[in-house]
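> I would like the atomic coordinates for the input below:
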Amino acid sequence: VTMLFFLCCNVRSRSATSTAHSTLQNQVVKLWASAFGGEMKSISAKYSGSQLLQKKYKEFERAVRVEEIDGLRLVKRLAENMEEMFHKKAQAMKRLVEAAEEAHLQHEEDPDLQYEYFNAVLINEVDEEGNSVELGGEFILQPNDHFNNLSVNLSLSVVQVPTNMYNKDSAIVNGVYWSEALNKVFVDNFERDPSLIWQYFGSAKGFFRQYPGIKWKPDEHGVIAFDCRNRKWYIQAATSPKDVVILVDVSGSMKGLRLTIARQTVSSILDTLGDDDFFNIIAYNEELHYVEPCLNGTLVQADVTNKDHFREHLDKLFAQGIGMLDIALTEAFNLLSDFNETGRGSECSQAIMLVTDGAVDTYDAIFAKYNWPERKVRIFPYLIGRESAFADNLKWMACANKGYFTQISTLADVQENVMEYLHVLSRPKVIDREHDTVWTEAYIDSTLDDGQGPVLMTTVAMPVFSTKNETRNRGILLGVVGTDVPVSELLKTIPKYKLGIHGYAFAITNNGYILTHPDLRPLYGDGKKRRKPNYSSVDLSEVEWEDKEDTLRNAMVNRKTGTFSMEVKKSVDKGKRVLILHNDYYYTDIKGTPFSLGVALSRGHGKFFFRGNVTVEEGRKSSSYPFSFETYCNTDEHPEHRYLTQIEAIKLYLGGHEPHLYCDKELIQEVLFDAVVTAPLEAYWTSLVLNKSENSDKGVEIAYLGTRTGLSRINLFVVPDELTSQDFLTAEDREGVFNADHFPLWYKRAAEQVPGTFVYSLTHMTCSCLSVTASLTAVGIQMKLEFFQKKFWTASRQCAALDGKCSISCDDENINCYLIDNNGFILVAEDYTLTGNFFGEAEGAVMNKLLQMGSFKRFLVEFNLYSWWHSDLTAKAQRIGRTMQVPCDTEYPAFISERTIKENTGNIDCDGCIKSFVIQQIPSSNLFMVVVDNKCDCSMFEPITMDPIEIMYILHWPKSRGCERLKMQKDRRRPDTCHPFHPEENSMECGGTVNLTQSLVVTLLCLLVALFPR
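Model (predicted):
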């Protein structure tokens, strides 16, 4: 099969009619192309065995039935498989919750408790005398392949305490003591489900218990800044979605350190907001100042981009004037009310965060007007500075509005005090005893590296509550349990072979963010494993960008089941080539999760499956072949199977003696069929090797075969040491071999061509050609580039003239001859340094003319454009004033030939000199011969290059465009549960109320009795 990729050049010439001379040229070039095509087809067919293969499949035609893939049925079945896998993880967390709550119930708090535990930082540490340090001790660690050979302890967990907290604080020691009961459950969970990786309990007190036990290492400053309560999985599990207005006092009294602390406090509050939350920030003195002016009167989603945008604006705040809190409170209440009525926010909890150094009044009239008696909006005052002159008023506001008061005196106090509001918001959920299961968006776990880079994860988490009756109305959150699920684990539930060559599965969150997609590339490709900004919030519309109306995205976000179709441009070969496909999409929701699953099947062979029927015994006879997929049998489920190769596992499975070994029976049946049909090729290739008269110049080095079921066969015509490319189709050739996640590029390109034709491409210093059968089995050969080019020059010297005098020749000084592929890359040129280059770089004028004539088409293929930037804006993004840009991703120009145009001639006016050229397709291939008259100097035409266009994030847009972007909100689906308040909640737990003056306490109690008799 050949993929047609055409040569393109930029030319500003006008078209001209062909002359008699160019007509003669066309006839001669056609002769050359025919001679070369015939010669290469003969060699390729002979050494690949393509004709024998077609004959064998013809013989088995009656044993094959072609089935059309039912996309909807397929996606539903895959969703059920994922649902089952997710359910197993959630059940493991439920067991941890039950054990934790029971252990806490049986525990009596002891302020004097002394308990030695394994501290994650101190284990195996010794002092100067060689003795174990306190909270350290000997902790056995052994490398484990399931955890990427990290040294772990599968029997015990370890406890990590943030550097800014005291290791032996009474609250921490008591929590560590009762949570030791989780060790047994950790181990039991891992035995039940060996695919589990990290399991953990994040305590509301700040410590983090992790299984299996592993040693933590501080950074170069001796600090471990990790605080589990700041992680998304913790916050999502602990609280409900919320709309938040942050009021920041910028009156004159806030100058200096106070304003610095205030900025840090606001930034820490932003850290606690997630994708299901909405917010805005208003600075106030005698006037109101929206931190982002264009968002006056609205809230925005708390995604990473928006939060970073607001953080930059915090640095612009300065203190002056008088603080008019009444105006700010009125604005905040109106803003929350108006935004809630739009139906675009969380429609759950609401809160006002007040960051100030004092309040001269209690402003009860404002609260009476806007918030009482329902108290739907909680007030969280943060008193900045050491002075407490106005503390009573702020405390009163918190207590009267179901909030919490804290005082922040130094920068070191910020994080711990900000966290308090989360536990208040969790009270209704705790009192309801609603153990909502939450799933996070995809994120990178740097501790695990699968050889390709850090691993993408999602986390399942559940909250843990105090079940003691005496604390019920206080709604005490004990913490959150969670486990990480590698995205690769999800992909194991999706049999790649059922999706076709270009098909794929993908999943998104309720916010439309990608959980898994083949085009999600979270790391820069510079070898440094750097994370791209906002990699965890890439919207589906940024990779399925042809869906301009978001039809597919919105249907999936709304958890619908259905179908969608569109033409797509699929970039391959690292952006150098493009395939034009028509994809049918099928989608449904994954029950019990916030995710939706989609499957894309390309029309044509992607919608059909060939089912062959052979006996197991026939398959066994053909068992000396390599398998390239990793999904025939699941060897990870049980430890005794982990060291089996796929062939060993299949043989055990076929023997019927391993009841606990799960294998894909359907896939094994298909691969056995392919093995039987393709077995004769081994003998055929061997006969060619043994025939000394064949391949005497050793131009053909390798013959190989690949099938849709992942079966591969390889034959060497030369000894390994003589191979031009030593790693081709070896384990080191990651791009060239089949694996569980993708079909190799050579197979994809072959599949898009007409059966029986060949596709040629350069591989290092070799040339490969491939052909495909109707059953999507590709055969190919690898030959020396020098051998291939020699055949080309021999064919181009042929002549049809009776006297042997040719009108033109590639040996002429005024003629340049090229052989290019259907994507415009040079395989043969007189200047050998051009081999592998794009034709437009060598002949810009000709390439441009070919584009004008329609022989080639140019596409800009977008690569993973993140978050909200759209192609029409980003491709044109430039520095404007002090606009700051940071690298995002890349747009690649790609070229492809027009299949219907087999030959063409053209003339280019180069300042009065006419440059002519002929392009002729090589029969039965993806190649084109281009003959160019080089008498004219056409250097005035710029070369056409494949240089990528670096797309930049614009962090500060011009006002009109920036406001438009910030206000834009795509469809999203709210979480299914919401716990904004509870009638039994004890609102007097509001942060230091014991210090209220007697008069304020009396006033508050009277007010509460009058307004809230319950």
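
> check contacts around the closest residue to residue 806 other than its chain neighbours.
Of all residues not flanking residue 806 in the chain, residue 799 sits nearest, at 3.8 Å (Cβ to Cβ, 6 or more residues apart in numbering). (C-beta placed from N, C-alpha, C; glycine too.) Going by Cβ atoms under 8 Å, 6 or more residues apart in numbering, residue 799 touches 28, 31, 805-806, 809.

> pLDDT weak spots in the stretch 901-1014 of the chain?
Of all residues in the stretch 901-1014 of the chain, those with pLDDT under 70 make up the ranges 949-962, 964-965, 992-1014.

> now the strands for it?
903-910, 913-921, 927-933, 949-954 (DSSP state E, counting those that start in this stretch).

> cool, and the stretch 351-500 of the chain?
377-384, 406-408, 438-439, 443-449, 454-465, 477-486.

> between these, which gets nearest to residue 170?
strand 477-486 (15.7 Å; Cβ to Cβ).

> the closest one to strand 454-465, inter-axis angle?
150 degrees (axes from the mean of the first three to the mean of the last three Cα atoms, to 10 degrees).

> just to revisit the earlier point, pLDDT for the contacts of residue 799 - can I get that in a markdown table?
Output for those, formatted as a markdown table (pLDDT from 0 to 100):
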| residue | pLDDT |
| --- | --- |
| 28 | 89 |
| 31 | 92 |
| 805 | 69 |
| 806 | 73 |
| 809 | 84 |
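
> now, of the residues you listed, which are buried?
28, 31, 806, 809 (16 or more other Cβ atoms under 10 Å).

> pick out the most distant pair among the residues you listed.
Longest span within the buried ones among the contacts of residue 799, Cβ to Cβ: 31 and 809, 11.9 Å.

> give me the neighbour count for the nearest residue to residue 171 once chain neighbours are set aside.
What sits nearest to residue 171 in space, not counting adjacent residues and going by Cβ to Cβ, 6+ apart, is residue 205, at 4.9 Å. Using other Cβ atoms under 10 Å, residue 205 has 18 other residues around it.

> need the contact list for residue 190.
154, 196, 199, 211-212.

> quick one on the thing from earlier: quick one: which of the contacts of residue 799 is nearest to residue 937?
Using Cβ to Cβ, the contacts of residue 799 come closest to residue 937 at residue 809, 22.2 Å.

> that closest one touches residue 797, doesn't it?
Yes. In this structure residue 809 lies within contact range of residue 797 using Cβ atoms under 8 Å: 6.5 Å.

> now do the shared contacts for the two.
Joint contacts of residue 809 and residue 797 (Cβ under 8 Å, 6+ apart) do not exist.

> can the contacts of residue 190 go into CSV with extra columns for pLDDT and secondary structure?
Converted to CSV, the contacts of residue 190 look like this (pLDDT from 0 to 100; DSSP: H, G, I helix; E, B strand; the rest coil):
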residue, pLDDT, secondary structure
154, 96, coil
196, 93, coil
199, 97, strand
211, 97, strand
212, 96, coil
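
> so what are the domain limits for the chain?
77-226+437-486, 237-409, 487-608 (the TED database).

> tabulate these (TSV), appending distance to residue 923.
Below are the domains of the chain laid out as TSV (distance: least, Cβ to Cβ, whole Å):
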stretch	distance to residue 923
domain 77-226+437-486	41
domain 237-409	53
domain 487-608	22
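
> nearest to residue 48, out of those domains?
The nearest among those, by Cβ to Cβ, is domain 487-608 at 18.9 Å.

> what sits against residue 636?
146, 194-195, 642.

> which intervals of the stretch 1-150 of the chain have sub-threshold pLDDT?
1-25.

> just the helices in the stretch 901-1014 of the chain please.
Assigned by DSSP state H, counting those that start in this stretch, the helices in the stretch 901-1014 of the chain fall at 959-967, 998-1011.
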